[in-house]
Structure formats: structure tokens, C-alpha cells
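Engineer: Next one to model:
(chains A, B, C, D and E)
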Amino acid sequence: MNGVPMEHGLVLAATLFALGLCGLMFRRNMIFVLMSLEIMLNAAGLAFIVAGTGWQQPQGQVMFLLVITLAAAEASVGLALLIQLYHRFKTLNIDVASRMRG
Amino acid sequence: MMEPLTTFLTTLSTAQATAALLPLTFLLPLAGTLILAFSRGTLSYRLSALVGVGSVGLAAVATLLLALGFAADAAPQTVTLWTWIAVGDFTPRISLALDGLSLTMLGVITGVGFLIHLFAAWYMRGEAGITRFYTYMNLFVFSMILLVLGDNLLLLFLGWEGVGLCSYLLISYYYQHSANGWAGFKAFIITRIGDVFLAIGMFLLFSRLGTLNITEILELAPKAWQAGDTTVELAAFLLLGGALGKSAQLPLHTWLADAMAGPTPVSALIHAATMVTAGVYLIARMHGIFELAPLALYTTGLIGALTLLMAGFAALAQTDIKRVLAYSTMSQIGYMFLALGVGAYDTAIFHLMTHAFFKALLFLSAGAVIVSCHHEQDMRNLGGLWRKLPLAYMGFVVGGAALAALPLVSAGFYSKDEILWQALAADQQGLLIAGLIGALLTSLYTLRLIIGTFHGTAKSANARHAEAGRGFAHGLPLVVLAVLSTFLGAWITPPLSGVLPAGPGDGVTAGHGAVELIAAAVALSGMALAVWLFGLKRGWLRLADHGMGAGLWQLWHHAWGFDMLYDWTLVRPYRGLVALLKSDVVEGVFRLLAKLVRLVHLGLSRTQTGKLRGYAVTMVVGATLILLSLALVI
Amino acid sequence: MQMPTLAFAYLPLILVAATAITVMLGIAWRRDHRVTVAVTVLGLALALVAQVAAWQVIPLTTPLLAFDGLAMLGGVLILASTLACAVLAHAYFETFQGAREEFYLLLLCAAAGGLALAASRHLASLFLGLELLSMPLYGMLAYAFHERRSLESGIKYLILSAAASAFLLFGMALLYAQTGELELSALMVSLTDGGAGAWGLAGAGMMLVGLGFKLSVVPFHLWTPDVYEGGPGPAATFLATASKVAVFAVLLRLVLTAPAFQGEWLNTVLWVLALASMLVGNLLALTQSNLKRLLGYSSVAHFGYMLLVLVVADGLAAEAGGVYLITYVLATLAAFGVVILVSSATDGEDAGGLHYYRGLFWRRPFLTAVMTVAMLSLAGIPATVGFIGKFYLIALGVEAERWWLVAGIIAGSAIGLYYYLRVIVTLFLAEPGMHRRDASPDWAVRAGGLVVLGAAVLVIALGLYPAPMIALANAAGGIIAP
Amino acid sequence: MILVWLIVIPFAGGLFCWQAERLGDRATRLIALATMLCELLIALWLWGQLDFQLPALDGSDTQWALEYRLPWIERFGIDIHLALDGLSLVLIALTGFLGALAVLCSWNEIVRRIGFFHLNLLWILGGVVGVFLAIDLFLFFFFWELMLVPMYFLIALWGHSGSQGSTRIGAATKFFIYTQASGLLMLVAILGLVFAHHANTGDYSFSYAVLKETPLSPTMAFTLMLGFFIAFAVKLPVIPLHGWLPNAHAQAPTAGSVDLAGILLKTAAYGMMRFALPLFPEASQTFAPIAMGLGLLGIFYGAVLACGQQDVKRFIAYTSIAHMGFVLIGIYAGTELALQGVIVLMVAHAFSASGLFILSGQIYERLHTRNISEMGGLWGRLGSLPGFWLFFIAASLGIPATANFIGEFMVLFGTFPIAPWVVAGASVGLVLAAVYSLMLMQRVLYGPTQDDTPLRGLDTREFSMLLSIVVLLLLLGLYPQPLLDTTSAAMGEIHRLFDTPSQLLPEAR
Amino acid sequence: MELAFYLSGLAAVLATLGVIANPNPVHGVLYLVVSLLAVALVFFTLGAPFAGALEIIVYAGAIMVLFVFVVMMLNLGQAAAEQERLWLQPRTWIGPSLLAAVLLLTLISLLWRDDIQRVIEGGELTAKGAGTLLYGPWLLLVELGALLLLAALVTASHVGRTVPVAAPKPAARDMPTGDADQPQPPQQPARGESSSPAGKEVL
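Structural biologist: Next comes the predicted model:
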């Protein structure tokens, strides 16, 4: 079998990454923002896996593992902040967190 | 009897005596200045006057002793006090040179100066700022003495500027009237313009000859330059420029008439007898340079001629008695320049001296009239004073006679006649004719002045209630000056032969008599015409009221419109420039830069919205740009 | 590899981590603010001593970490500023009613992350160190979450930082895909006309986005003022000092050792970013009236200046970077220290507004002197250490003939003066009836005060006699492990 | 070691003053005064003690009358290297004198926070003395910038707000930014020179004597010279870069104006003569026509703008610009006569401008306005103040017998062989000087009085202060030789470097 | 296998699109789970089954459950979805999307440039390799990861407190004489921001 060229895998990762960015940039609901972040991190992880499999090395997977660790940690902290935000403002609209400017 | 006197004179003529006396002449007025300045208003009027007059009086005594010594042994002497500056070749010294020329000037300054100071004690009585007045006056005498005694151009320049400053201060003496201040301002600025020429001339001479010492310059100049060399012409022209400013000659003459704003003794001392003649002195002093520069010399004579005509006409149309005298001063100095221009330096100095006598007399008399008439000085408001103010009338008559060169009896006749003769001898017929026309004009305006002031009927209350001045301070100066303005004054022969080259007419007698006759005729006919015009028929008024006469009268009254010309060409543009640049245009560029920075700041601040999504977008834009640049590079 | 030596090198990191564990256990057992602070300070002080002592054994390398001059200098600065933050936090949280102890735990974790980051020579340790540095910061920034500004700053920093991490990670993945290596010194890419190495370069660019975000380089700087303003004083201080030092150290190492970061294109990008940061940072601060925001903008500008070190990356560069980091940290600590002393977690919003400081001199002259010295140092005026830093950067720029950047530094400094001077003069003006807040009268004899005074004294002392600092930076710059 | 003391004394005195505030105002002022007098006395003692006629041998180290050297930052070969020659001594003595005057003239003017005020005042002077003594370029730059900070405080905290809505803080900031930014340019130039030297020899050095020998390509030398020139040009100030000066002068308290006009401007001229010319003789030669043109521009521009001002102190500030034009011309003429003239002119301007500023301060204390249009007719109301005013006006327009005349004319005499047309132009400036000076006289003292009540005359402190300046101006005007002898060796050296650069650096070609 | 890669890749992209475009949070979370599963499939096709398993267990399992839990806890309901729909106007999303598209295109063009010619042939990468590496030379990372999780845990536990730790007491050393320091009125009173956080219960 021919296998998948590496750039195809990377393009897939890039596409997911861009979609995540998209979500980050235009969603106002903080849940979606956090999910977009997860998408981006996941895309990065995917890229690592693609690279790792391409080079046939375990490093890629270990990096992916670390990415997942980060994603989990970030999700927990993010959600905690989200709850606090909702608690304070009764909304998940992150635009309320825009008092500081100038 | 004679023995001690001879011994005394011999002692006076020694170098030691000169060294002791010469500094005294200017140190005494300086001491007066300092005492008055630091009295801080604690001196009484009498004491101030005593210090002010006394210091100049003592200086006059010192001068007299010097003159006696000089008469005994006429060797020029130099007294060096200290080296002023010494940097490389540049070593001007504070050094005084006594020779015939400077002694003549010294005599005029201290002698006439003393008389005027004395008169001022009467004139200024009751004025509050007498201390200030005498401070300035003494300072002036000090500066003027330095001007004539300085053996180098820089020291001369010190005096030159000093008298300018004092002139400014005294013109604006009555400071509460703004116009007086501006008159002083004008005087200082215009003379300063001349000074700048003098300064540049100094720079030029120093850079070419490596010295500022006058004697050395006069020695070196003929070796350095051919006659007519461009450089020396330039130097001469620059010196001439300085002289024109100080001596109120065309085109830098406009300040003198306004300078009459000062107290009348000031006009007498500064603007008639001494300072305004400094230009004549300068040119005479630097004759070696002018001898090498025929063009400049000719220009000097030409300017003198033009000025004497211009001022003569202007004097005809003045109504203020002091202004008449001011224009007459310009005109007389024009004669001196004319003399200089034909190379008759000694004649110019001689006229300078006699002019100092009779013009001081005229001014002091005018001062007497003015004070007596409660500060009324417009001829149209005076008249019929000859009975009430006999002494002043005497002064005017004697002085006027000298001014108009009344033949034989007046001092002015001898000096002016000499000038005309020298012009003829130098083969400058044009200048001669100008001088003759000037003489006619002089007679006209002099008589107009006398008739207008003293004859006819009093035309104002001030004139009707005139009170004659009394006292020693009032009388003595007038009498002494009157005596000097007669032929007796003309007997004083300035000891110039060793200093100045002989004029073209010296030693020649052929034709002299003819010139004298013509001059006398012109003067007399002018007087007669004046009597006819102003005295008997009042024909003048008819002429001046109509048509061209009125126009000419206006033109002459405004002295040919030079003031207006300068106002339009210099003053207004400068004011416009000031107004234009007032807000510091150049710095505006930087202010604009600051504005730009602030604008950019405001623009950038708008990116700081506080909105998270906006921040994310910016970040992505940044990342995109970075990657795009990579995509474009490879 | 001799284990004892290596252990010696690891010791600071181990000590910090152990202190963190101790603090955690302490919280679990019994909460006591004083004891927690004491333990934290003790642990950090020991770590600092160990860090200094570790200077004896360098250079050492493990697959993940490099213990070299850069790591040592970074470590010292990180530990010192963490120590300062801990002490200042004690003053700040003294009257705080809620749980105070977690803050120190987070602080210690972040310090550990910083140490790892500064020493990392591998993408994995770089990534994890960076995250370990950032993750506690989210908590620290949002620590006083009852205050909406604190919460807001936590959220902003979390989301943007995570996005930046994603960029960083993606970039790493691309580099890895290109080279098959994760060690920095093995990240070789070549740039040819055909585009070989494009992945790696794109990866390097994206990593730059991630790291540039942490350093608040224009255009990734927008979060800085908001987060500085909202975060509790000690957290913002840590963010401004230790965090930036660590990130800068690793970026410097990247540029110095990773071939992928040495190409012409990246150099140009850095150059442009540097210039933009200098100018934009200073321009933004121009009329800022909140001191904490102003310090945020100022840090944007300062890291703009510091990017010059990366652009040149040769000759004096490492030394200049070290010197500038020291000067920046000292001055920033002093400035933030004063703000913290004047603020308190219980007073709601921190004392950021400049109007609080009006006429401070006439009430607290020495505190004002500290602030003045800090501002002058940030402005780079002689007799403060900031001048030495600026001197080094300009020297570097001149040596490398980077005239545009030198011009940028000059223009930036000129603009910067405007707002630094505004702060300074405010301290000395007296207008009665204004809002004002004061540090407690005995501030100077308390621990926080000593830290602030110490920083100010160092700013002056090293400004007058910089030789020790230069020797340190020179030594650090001289030993860069591959 | 005495050189170090010269620098340390003002700084220490400043700290004492700060702390002495609790002892009372009088004690503070007395300490400040004593500090400055001590400085002045040391300077005068040195003047008497040392020999400034050292032979200026080529490249030898005998140029200095006193030297002090201590390693500072060895990494870059930076030393604390102080040296004294006639030029620096004269300026230090001037600093001491004007410093004492500054303390005296703020005796009644400053009543708030005098401890801190005197701290700043003395620190400025300390910084200035440092500038005059440092011959290590790094140290020079260090002091050059250091003196800005206290000056900033002086203007910002004790200044007056301006007439056209400009604030004292704005003025102070402008001053600081102008000088600091241009100072950084100089730093760049210094570093450029140092690295050029480094490239040649492999050594770092900031020493004046060492860097003087650095061979440079003409372009490089010119560029570096420009860096120095711009920094000094801002401070002097030279025309397009003068924007800070009117505001700073006008808004500063009297003591600040005295220091600014009297000393700070002189640091720039000093810098040009000490560094810009000797370090880059050929480039300076090339640049000389432009510099002289700028000087000429300054003379005219300052004169014209002065006439348009309503604020007395702004007025005087612009006249300073005009006077500094002469200084610039003289420096770049480079003949010994011109350079010596520059020295005299600097000292003279320091005295006359200080005198005018002190007088404006005194008028302000009495009238509470600096607006010229609210003055007029003051002559009779102010006791002996107008007399002094008149004297300083006369000095500022260069009446002979004042030192200003000596300075201006020596500059013009010295420049004429080099650039006759410049001299001709500058001489026209003399007329403009008369215009603005007399205008000031006219508008302040002359004219109808607006109010007849007499104002307080001068008290003994004010009178003796002014009298001392007057006496000094006259002394220098009539016998400047002691001053000229002191500086002649230093100026001769500069002249030699400037005039014959090719002999000095044969390897540079 | 290649086909599976492309198909699951397509699925992942589509599901992700669903996440970012969906107004309903619950649907969004579910889409994300789908996307993650699809990515896990991709991992399998590439020959990284260990990673795929982790993706499913940790990502789709643990993390997503956390999301679901929070969404449920907040009980956002239909009103929130309506609100979301309102926010999803084209003018909101079109700009960012274009920007992201540009970024993506740039990235793709860069990815296409390189001639690395490496093909993933699906050789198995086992957990063993990863483990050996991770617990061998990379052991430090485990420790750092642990600290990271500790920090996250502490943060979450501190920040996640719903009962406020303390009402801000009146500023003791604050001496206000004006109003500049007073709290601003709530920006969105309609949404019921609590100006006093005391005693609020969630759920």
C-alpha cells in the first residue's frame, strides 16, 4: 500500500486548527471558546502524531500525550473560570469581561 | 615772573605729566558717573549738580594743563595703561594717544562740555532725576574722551559705542513719554547700523594689517596697498559707513531730528558739539586709509554736499526750534564731510571746532528760550521775545551770525569760507556750488529762526509769560560761548599740522579772496532775502501756502520723506517678520511631530478594546502576516 | 554522567518542587498564612542558594535540560523575583479573608516551570515548562476572583494563552515533521529556492507567535495591559518578571542554538517585531493613567528593545540580554512592589490609578524615592541600572550596525520618557482632596518594604557600579550549551 | 582626588539640604550657599595654585593640569577619569559662582519644600561639574544625562505656568525629551567610535585621549561627528532644535533659569570644544560652514523671535539663542582668537543672562506678572533695579567695556579671516541685538506708568548679588587677560587639532 | 487504509464545523465528541493506536464529559441557544472566517512546498515505545506534567468555589472624596448581573 503522504496529514491538522481559530475568533459563548481551544490543541496533537508516524518515532505520541495533559488541565481551569464567570454575570458571554481597556 | 611759568610749562610737557594728566581727563568724569550712580538717590540736587559739573570742570582743567604742556612741546605722546586683550597677534591696549587732533577734540569736549554741564544745572533745576541726568552726561563725556584719545580702533570703538549708548539714554531721558523712548531707540539703532560698518571695517583692517593701532595702520596701509586698491576702498567705505551713522549724514541721518526729544543741554552737547562730529574725527583720524581710497574720499565729499543741501531745505520748513537747529547741525556736518572729501582734514576739524562753539551756543540759547517759555518750543507759538529774554536773544544773534557765516565778525565765516576755498582748490566745482547754495539756505533758515522766535508778537500765553533766566549757571556759558562764536573763536588755531596732511588749498593764496567775497555775498544776500521773506513782508507764508509751495513745504517739513521710506522698506517688513514668526515656526515642526505621536497614540489606543475576541483576531492577523511573509519569501 | 553533579544542577528545581509539595501538604493539614509564607520563602531562598551554587558545575546537559550560563542566570532571576513576589504577596494578602495559601503553591509551581523552561534544550521540556509556568498563572491572576477585574484578567489570559500554546504546539509539530528531531540544536532546516524547509520555517514562525505572545511582543501584546491591570499585584509582578525572564531565556536559547531560528527570514521577522514593539508599546502608554497598565505597555516596549538581542544573536548579544534582563527585573520589581504595598487584596481593585499617587512624596518619601528610581531606571536614565541596560542594547545595535533598531530604541526612549516622567512628577505634586492610598506607615520595616527597598538600592548601586552585574552576565553569556 | 571632591561636594551638600529641612529654612539655605561657596573657593584655589600654561605637545599627556583615574567598568575599559585644564576650571568656577547666585536668588522666591529644592539645585550643579571634568566618554555621557533629572524636577515642581497655556510640567518634559533623545544620539556616536577603535585594536576604551587617535573613514567620522553635534546643538541650542529652550527658561523658577542659561547651555559649547572638534577634526572642518550658517541663522532667528514675545523670560530666552549663535560661529571658526572669544562670550553670557533672569524674577516678585504688556514705566518705581536692568541690557547688546563685547568681538575678529561673509552677517545681528535689547528696555522701563505706587526697592541681598555680577562683567570687559591666560593652552590645543588634523593622523589617509 | 484516513479526516472536519457553527452548547459538545472520535480513527489509520486509544479515553471520554457536565450544570436551555443564534450573524463570523481561511491557505501552500516526500505507511507505533521513552530519558516530563496537573487542580478548586470567599469589605485605607472609585453600574442589568455576590446559589 502507498500510505498517506505526510502533508495530507498535516493539511488535515491545519484545517482543524484553522477551524478552531475560527471558533475562537467569533464565538461569544465561553463554552464554545473553550471547545475551540480544545480543537486547536487537538489539531496540534494530530500534527504531532502525523509527524511521529511519518518518522516512525515514538516521540510524536509522547508529545501527543503531553498535549492531552495540557488539554485536560486547561479544560478544567477554563471550566472553573467559566463557572465563576456565569456566577458573577449570569451569562457566558465573554464580552462582559471587557471592562478593562484603553 | 616768567621763570616759574616756563618751568611749569616745561614740567607739564614732560611725559610723566602727560601720563598723569591724560588719564585724569576721563577718569574724573568716570568718577563722577560712579559716585552719582551709586549714590542711589541720596544726593541732593545741589550735590548732584556739583559732582556732575565739577568732574567735567576738573577734566577741563586737566585738558587745559595738557594743552599748555602741548603748546610748550608739541610732541605726540602715548600713555599705555594696560594691555586690554592679548591673544596671539590680537593685542589691543588700553592706551591713550595725545596729539594735536585729539587735543583739539579734547578741548572741545571738556571745554564746551563743561559749559553745557554748567548750563544744565540751571536748565534742569527742579527735575527729579538730576542724578540720573548727570550720571549719563558724565558717562558721555568719559566715553567721548576715550573715543578721541584711544590709540587703537577697538578703544575708539569702546568710546564710539559708549557715546551711542549715552545718546540713547539721554534722548529717552523723559521716559514716561513713549515717543521719547522710541526716538532714543531710533537714534541708537540707526547709529548702530553705522557702527556695524565700522566694526566690519575694523575686522577687515585687522585681518589684512594685523594691528588695530591707528598709528601703525596709517604706517602700514601705504605699504600694503596701492591707492585705489579694492580692499582699501572697501575698508574706507566701511569706515565711512560708521562715520555716516554717527554724524547723521545721508542716508543714516534720520535719527538726529528725533533726537531732539532729549533735554536741550543734551542736544547741545551730544547732538551738536561732540558726538555727531565723531564721524568727522574718525575720517580725519583714519585719513591715511582715505588717502588711498579716492573713490571713498570723493563719496565722502559728495555725501557731505548732498546732506548739507538736504538738511538745509529741511531746516527751512521746520517749526520746532530745536529741529531747525538739528537740521542745521546735519547741514554743517555736511560741510565738514565736504571738507574731508576734498582732503582738507584740518579745515574740517577747524569747522568742527567753531561749529561746536556756535551750535552749542544756539542750543543753549534755545534751551533758555524753552525753559523761559514753559517748555514751548514751537516757533509758531513764540515771537516777540527779544525784549524779555535779552541774553538768549544775544546768544541767538551771535550764534546765528556764526552759523550763517556773517562775514568777518563771526567764527563760522572763517571756517566755512575755508571749506569753500578748499573745495575750489581741490577743483571740485560741484561741491563748491553745493556749498554756496547751502550757505544761502543757512542764512535763510537762521534768520527765519531768529525772526520767528524773537520778533513779531508773542503768539501764545507761554510766550507772553516768558521769564528770563537768571544766575551764574545760566549766564556764564552763554556769554563764554558767544565770545567764542565770534571772530575771537576763530583765532584758536587747532594744532593739526603734525597730524593731518595739508589740504589742497593750504599755502595757496591765489583766488582765496574771490571765494571769500563770493561767500560773504551769498551769506549777506541770503540774510537780506530772509528778512524780506520772513520779517518784513511775510512773503514766505504766501509761498508756503499754495500749490507747489505747499507741497515742497510738506516735503521739506518731513525732510524729504526718508522716515517714511525707511518705515516702508525696513520697519514694516521687520514687524511683519516678527508677527509671522512669533509662534516659533521652526519649532512648530516639532510640535507637529508631537501632535502626530499623539494621534498615532490615539489610533493605537483604539485597538485596546478590552474585547477578548478582538485580541484573538489581532493575534491571528499577526500570525497570518508572519506566515504570509514566509510564503512570499520562498 | 556523574550523578551527584547532575543532582546538584537539578537541586533548585527539586527544592522548589519539594517546597510546593510541602505547602500543599501544609494546606491539607492546617492553613496558616504566616507559616506558608515562611516555608515558601525558605524554600525559594534555599533554591536560590542552590542555584547560585550550581554555577560551579555548569555546563551540564541532559537530553531535556541544559544547565549552562543562560539557565543559571535565568534561574537566579526567576527565583529572586519569585521570592520577591512571595514576600510581597504576604503583604498583599495579609488582610485577605479567603484562602490565601494556594497562591504560594501556585507561585512555586510556576517557579518550577520557569526554571525548567529557562533550562530547556528540547521542545518537549520547552513546551511543558512553558505550560507549567502559565497554568498556575491563570489561577494566580484570577485568584481574587470576587473582584471582577481579577476574574476578567484570568479569563483573558487563559484563553489567549491557550491559543498561543496551540500555535506553539503546532509550530513544534511542523518543526518535528520537518526534521524528525525535538532537540533544539538538531532543528535543522534549510531554506532553498525550492521551498525545502518550508514546514520547519512555518513551524518556527508559529512558535514565534506562541513565545511572542508570552513576551507580549506586538502584535501579540494586546492582553498585557488588561491582565496586568486586573491581576492581583503579586501575580502581575510574577507575570512581568519571572515569566518573561524564563520565556526570553528560552527564546534566546532557541535563536542561539537552533539552526531553524537563524535564517534570514526569521531574522527579518524578529527585526520588524522588535521595531513595532518598541514604538507601539511606548506609543500606547503615552497618556495612560493607570500605573499597572502603564507598566504593561512599558514591558511591551522593553521586550521590543530586548528583541534586538535576538536579532543580533552574536557577539555581545547574550551578555547584553542578560544585563538587560537583570535591569528590567530589578526596576519592574521595584515599581510593582510599590503598587503592591499601596494596594491590598481586601481593597477591591489594586491601586493602579495614578491619582492615588499624587503627592505621595510628601507622605512617604522613601517609597516615592523607590518608585522614582524604578521609573528612571525603566526610562534608562544614568545612575540607575536601566541606563546600563540601555547602554548595552545600543552598544549591541551599534556593534551589529542595526541602525534602524537603534533609531527605534532612541525614538522609543524619547516617547517613553513622556509617560515615565508623568508618573514621576505625579508623585511629587501635591493637591489636597484627591483620592489617595497609602502604604501602611511602617511599610519600610516589613518584609515587603525591604524587598522593594532592596530592589531600589540595587537599581542605584548597580547603576553606579555595574561591574558585578556585567561580570555575571558576561559569565552567563559565555557559557551557552548547545 | 580634589577633582572627585569637586563633584562629590554638591551631591553631598544636596543630601544635607534635604535632611536639613527639619532644622528650618534658613539652615537649609545656608548649607546650600556654603556648599556652593566651598565649590567656588576650591575652584579659585586651584586657579591660583595650578599652572595652566602647560606646553601642548603633540599627543602627550601633559595637557591636563590635574588628572584622576580609577577603573570603573573594566569590561569596556571605562574609567572614572577626571581631568582639569584651564577650560574646565573656568567653567567650574563659573558654576560655583552661579550656583551660589542661584541659591541666593531663590532665598525669598522658593518657600515650599526648600530641602528638596536645594537637593535638586545642587545636584544639577554637581552633574554639571561632572560634565566639565569627565574625559572618559562614558562618564561624560553619564553626567550629561544625570543633570537633566534634577533640572526636570526644578522646572516641573517649582516652575511657573506659562502665559499661553503651557504648563511647567509640559516645559520640563519637553526639555527632558529633547535633551535625552539627542543625548542618546550622542551615545550612539560614542559607541560607534568605541567600536571603531575596538575593530582596530581589539581593545575597548572610552578614554578621550585614546579615542582621539582612532582613524576613521571620512564618512564614518562625519556621521559620528553629527551624533555629537546634534546632542550639543540641542543643548546650545542651535536653531531647528531649540524648541525646548523658551518654554524651559520661561517656566523655570529664577534659580533654574539662571542655571539653564548660565551653565547648562555652556555644557554644550564645552562639549563641542572638548569632544566634537578634537575627536573629529576633519569632519568638523567639513561641517564648519554648515555650523556657522546655523549659528548665523540662530542669531537672526533668536533676535526676530525675541521681539515678538510678551513674556519677559521668554524674551530673554530667545536672546540667549541669538547669543549662542555667536558661540557656535566662534567654535567652528576654530582660530585661537575666536575660541578664546567663545570662552569670554560664554562667561559673559552666563553673567548677563543670569543677571537679566534674576532681575525678571525680582520684577515678578514685585509685580506678579511676567507679561511685558502689563509693565511699562517701571523706571521710577523700582529703586535701583532699573539701573541694573539697564546695565544688563547694555551688556546683552554688547556695549564695549562689558565682557559680552570682548567675547563677541573676539569671535568676530577671529572668524573674519575664515569666513568674512559670516562675520558680516553676524555683525548685522549686532543691530538686531540692539533692536531687541532696547525694545525690552522700552517696554519694561519706559513709557507711561500704569500705576504710581512705588514698589519695594532692592534689599542688600539682591543688591550685592547684582552688583557682584556687574563688577565681574566690567572686570572681564576691561581686563579679560587672566581668563584668557588660563584657557589659552587648552584653546591652543583645540585650535591646533582643528587646524592641522592631517599632521596628527597621517595613518588615517 | 488511506481511504479510511481521508474519510475519517473528512468526518473530523465536518464535525468540527458543526462545533463552531452550532448554537446549542449540548449539540456542540456532542459534535466535538464526534470530531475527536474521527481524529482517533485517523490515528488508527496512521498507525498510532495507542494515541487513538488515548484520544478516545481521555479526550472524548474524560474531558468532553467534563464539558457536558458543566453544560448540564449551568442548564443553559433554549434561551441560550436563541441567544447564540442571534450572535451568529454573518457579519460576526465572516471576517474571522476569512482571516482563518487566509491563514489556512497560507499554511497549506507552505505545507505543499516542501519536498520531503515522506509517506506514512501505517507501521505500528506501540505504547511500549512511548512508555520507554517517557519513563526513560524523558522522566522529568512526567514530573513536570504532574506538577502541571497539580497546579490545574489547585486552580480549579480555588477558582471553582461558587461561594465567594469574602465579600470585599469597605476599603479600610481608601479615603475617597469623589466618585471615581465607586463601582460602575452593571453593564448588562437585563442579564441580571449580581452587584453583590453574597449568597448566590448556582443551580
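
Engineer: Which residues are in contact with the residue of the stretch 101-250 of chain D found nearest chain E?
Structural biologist: Nearest residue of the stretch 101-250 of chain D to chain E (C-beta to the nearest C-beta) works out as D:I169 at 21.0 Å. The C-beta positions use only the backbone N, C-alpha and C, and glycine is treated the same way. Residues near D:I169 by C-beta atoms under 8 Å, 6 or more residues apart in numbering or on different chains: C:R422, C:V425, D:A156.

Engineer: Those residues in helices, which ones?
Structural biologist: Residues of those located in helices (DSSP state H): C:R422, C:V425, D:A156.

Engineer: hang on, the last one packs against C:L427?
Structural biologist: In other words, D:A156. No: contact criterion C-beta atoms under 8 Å: D:A156 and C:L427 do not qualify, at 11.0 Å.

Engineer: Report the distance from the top helix by length along chain C to the chain centre.
Structural biologist: Ranked by residue count, the top helix of chain C under DSSP H comes out as helix C:148-179. The chain centre lies 18 Å from the centre of helix C:148-179; the measure is C-alpha atoms, centre = their mean, to the nearest Å.

Engineer: now stretch C:335-349
Structural biologist: 19 Å.

Engineer: wait, does stretch C:207-224 contact chain E?
Structural biologist: No: judged by C-beta under 8 Å from any C-beta of the partner chain, stretch C:207-224 stays clear of chain E, getting no closer than 10.7 Å.

Engineer: Show me where the chain dips below the pLDDT cut-off.
Structural biologist: I'll assume chain A. Counting by pLDDT under 70, chain A contains low-confidence residues at A:1-2, A:102.

Engineer: oops, chain C please
Structural biologist: For chain C, the ranges with pLDDT under 70 are C:1-3, C:190-196, C:431-438, C:444-445, C:482.

Engineer: Show me the residue of it that gets nearest to chain B, please.
Structural biologist: C:P219 (3.7 Å).

Engineer: My guess is that residue contacts B:I626. True?
Structural biologist: No: applying C-beta under 8 Å, one finds C:P219 not in contact with B:I626, separated by 9.6 Å.

Engineer: now the top helix by length along chain A, how far from the centre of its chain.
Structural biologist: Determined from DSSP H, the single longest helix within chain A is helix A:59-89. Centroid displacement of helix A:59-89 relative to its chain, using C-alpha atoms, centre = their mean, is 9 Å.

Engineer: swap in stretch B:264-274?
Structural biologist: 9 Å.

Engineer: With just CA atoms, put that stretch into CSV.
Structural biologist: Taking Å, rounded to 0.1, in the frame of the first residue of the first chain, the C-alpha atoms of stretch B:264-274 are listed here in CSV:
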residue,chain,number,x,y,z
THR,B,264,18.2,120.7,25.4
PRO,B,265,21.7,120.6,27.0
VAL,B,266,21.9,117.1,25.7
SER,B,267,21.2,118.3,22.2
ALA,B,268,23.8,120.9,22.7
LEU,B,269,26.5,118.6,23.9
ILE,B,270,25.8,115.4,22.1
HIS,B,271,23.8,116.3,19.1
ALA,B,272,25.7,119.4,18.1
ALA,B,273,29.1,119.9,19.7
THR,B,274,30.7,116.5,20.2
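
Engineer: unless I'm mixing things up, B:L30 is touching B:F140, no?
Structural biologist: No: using C-beta under 8 Å, B:L30 is not in contact with B:F140; the gap is 11.2 Å.

Engineer: need the contact list for D:L125.
Structural biologist: Contacts of D:L125 by C-beta under 8 Å, 6+ apart are D:P10, D:M36, D:E39, D:T95, D:G96, D:G99, D:A102, D:D259, D:I263.

Engineer: 10 Å instead?
Structural biologist: For D:L125, the contacting residues are D:7, D:9-11, D:13-14, D:32, D:35-36, D:39, D:92, D:95-96, D:98-100, D:102-103, D:147, D:150, D:259, D:263, by C-beta atoms under 10 Å, 6 or more residues apart in numbering or on different chains.

Engineer: what about it, distance to D:I31?
Structural biologist: Remark: distance between D:L125 and D:I31 (C-beta to C-beta, to the nearest Å) = 14 Å.

Engineer: overlap in contacts of those two?
Structural biologist: Both D:L125 and D:I31 are in contact with D:G13, D:G14, D:V103, where contact means C-beta under 10 Å, 6+ apart.

Engineer: Can you spell out which helices and strands pack onto the helix or strand the last one falls within?
Structural biologist: So the one you mean is D:V103. For D:V103, the host element (DSSP states H and E) is helix D:86-105. Helices and strands touching helix D:86-105, by 3 or more C-beta pairs under 10 Å, 6 or more residues apart in numbering or on different chains; DSSP states H and E, are helix D:2-20, helix D:25-49, helix D:114-133, helix D:254-259, helix D:265-271, helix D:336-367, helix D:460-478, helix D:481-499.

Engineer: redo that, cut-off 6 Å
Structural biologist: helix D:25-49, helix D:114-133, helix D:254-259, helix D:336-367, helix D:481-499 (3 or more C-beta pairs under 6 Å, 6 or more residues apart in numbering or on different chains; DSSP states H and E).

Engineer: Centre of the chain to it, how far?
Structural biologist: 10 Å.

Engineer: now swap in stretch E:125-144 and tell me
Structural biologist: Distance of stretch E:125-144 from its chain centroid, counting by C-alpha atoms, centre = their mean, is 26 Å.
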